[in-house]
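> Structure of the sequence below:
(one chain, ligands or ions: 2)
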Amino acid sequence: AVERYVGLVDLPADTTCGKRINLHMNAGLMADLPSLASSGAEGVGLFRTELQFLIRNKVPRRGELASLYGRVMDAARGKRVAFRTLDIGSDKVLPYMKPQDEPNPAMGWRAIRVGLDKRGVMRMQLQALIRACAGRPLTIMFPFVAQFEEFRAAKAMLEAELVSEKRLGRVLPTEVEVGAMLETPSLAFAPDQFFEETDFISIGGNDLKQFFFAADRENERVRRRYDTLNVSFLTFIRQIVDRCNAHGTPVSFCGEDAGRPVEAVALAAMGVRTLSMRPASIGPVKSVLRKVDLDRVTALVDEAAARGDQSVRSAIVAYLAENGI
Ligand code: PEP
Ligand code: MG
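Ligands and ions are numbered 1, 2, ... in the order given. Next up is the predicted model:
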């Protein structure tokens, strides 16, 4: 199956209506990096940093992390790597962290909430990232930002670390890009200033969908009722993309749906121009995107919305079948 896509590795994901979709990969381990070349991904759209914290029985040291992040950057050979700061809590529990016994961990003390409350670990991670990217560009994104103020506070922590590294006479990154993951519906309604102050926004579709529908992503029974190709959800995605575009803020989508061909087509039809997915999905997604007329798919979503349909899945699947895709 993989051989089928080898010929596509160096080709762009250009649709038949002339739109270019940028395909990036998700990663979390050094061992994922060779896929950057073999999959044809343009960069790492999401580097999940949890694993290094989960596989140890104590907090990793700054030097260890800086060395790993530096090796990730080396292996990326100049391609962009978006490092997401620690997203623990919820389903990812650190063995050495006091169990929180929260009634609803997915909506509990997790991700940036922990980072802003327990600053030591987040500062250490930011220092490791800054040191790993000395003399080269650094891209950081903060997970699970639910309101503008959290983004501002996290960005201020990063800026403070940059200042103190500079005072120590260390070489700084050549440029620093700071983004937010949009994983809670609230952030889509943040003030305009939020969109102005973020260098980019990455839609975390797994969490965003769970909170949009109030359906636990770990609970098969309720999760399956709500389709990504639900017209209301796609309309919401389109509104987020439109807001980002209005401010010139680059927006990407990095949930699992980015790697599912039909879902990827629908997201692209809502204006998403950058998708980040597991490396093995890049070939299949690219293969479909290159045969698709996105304007036609956008029209299918509009028609489904006008009819009051719940989902546009059957219409898109029929369009793909009719066109031999
Ligand atoms: C997401 O929520 O879509 C996401 C990419 O983050 P994670 O799956 O790690 O929560
Ligand atoms: Mg998430």
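> how distant is stretch 121-135 from the center of its chain?
Relative to the centre of its chain, stretch 121-135 is centred 20 Å away, using CA atoms, centre = their mean, to the nearest Å.
> ugh, wrong one, stretch 229-249
With CA atoms, centre = their mean as the basis, stretch 229-249 stands 15 Å off its chain's centre.
> quick one: buried residues of it?
Within stretch 229-249, the residues that qualify as buried are 229-231, 233-234, 236-238, 240-241, 243-244, 249, counting by 16 or more other CB atoms under 10 Å. Where you see a C-beta, it was placed from the backbone N, CA and C, and this is true even at glycine.
> what sits against residue 71?
By CB atoms under 8 Å, 6 or more residues apart in numbering, the residues touching residue 71 are residue 30.
> can you give me the mean pLDDT across the helix or strand containing it?
When elements are assigned from DSSP states H and E, residue 71 belongs to helix 62-76. Looking at helix 62-76 alone, the average pLDDT works out to 98.
> how about the next helix or strand along the chain from that helix, does it reach ligand 1?
Downstream of helix 62-76, the next assigned helix or strand under DSSP H and E is strand 80-84. No. Judged by CB under 6 Å from any ligand atom, strand 80-84 and ligand 1 are separated, with a smallest distance of 7.7 Å.
> and strand 80-84, what other elements does it pack with?
Applying 3 or more CB pairs under 8 Å, 6 or more residues apart in numbering; DSSP states H and E, we find strand 80-84 packed against strand 43-48, helix 62-76, strand 138-145.
> Would you format those as JSON lines with distance to ligand 2 included?
Putting these into JSON lines (distance: least, CB to the ion, whole Å) gives the following:
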{"stretch": "strand 43-48", "distance to ligand 2": "9"}
{"stretch": "helix 62-76", "distance to ligand 2": "20"}
{"stretch": "strand 138-145", "distance to ligand 2": "6"}
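> quick one, which of the ones you listed is nearest to ligand 1?
Nearest to ligand 1, of all these, is strand 43-48, at 5.5 Å by CB to the nearest ligand atom.
> contacts for whichever helix or strand comes after the closest one?
Downstream of strand 43-48, the first helix or strand assigned by DSSP H and E is helix 51-54. Contact partners of helix 51-54, identified using CB under 8 Å, 6+ apart, comprise 28, 29, 59, 60, 64, 65, 68, 86, 88, 92, 94, 95.
> Excluding sequence neighbours, find me the nearest residue to the first one.
Right, the one you point to is residue 28. Excluding the flanking residues, the one nearest residue 28 by CB to CB, 6 or more residues apart in numbering is residue 48, at 4.0 Å.
> Same question for the fourth one.
Residue nearest to residue 60 in three dimensions, not counting chain neighbours: residue 52, with 5.4 Å by CB to CB, 6+ apart.
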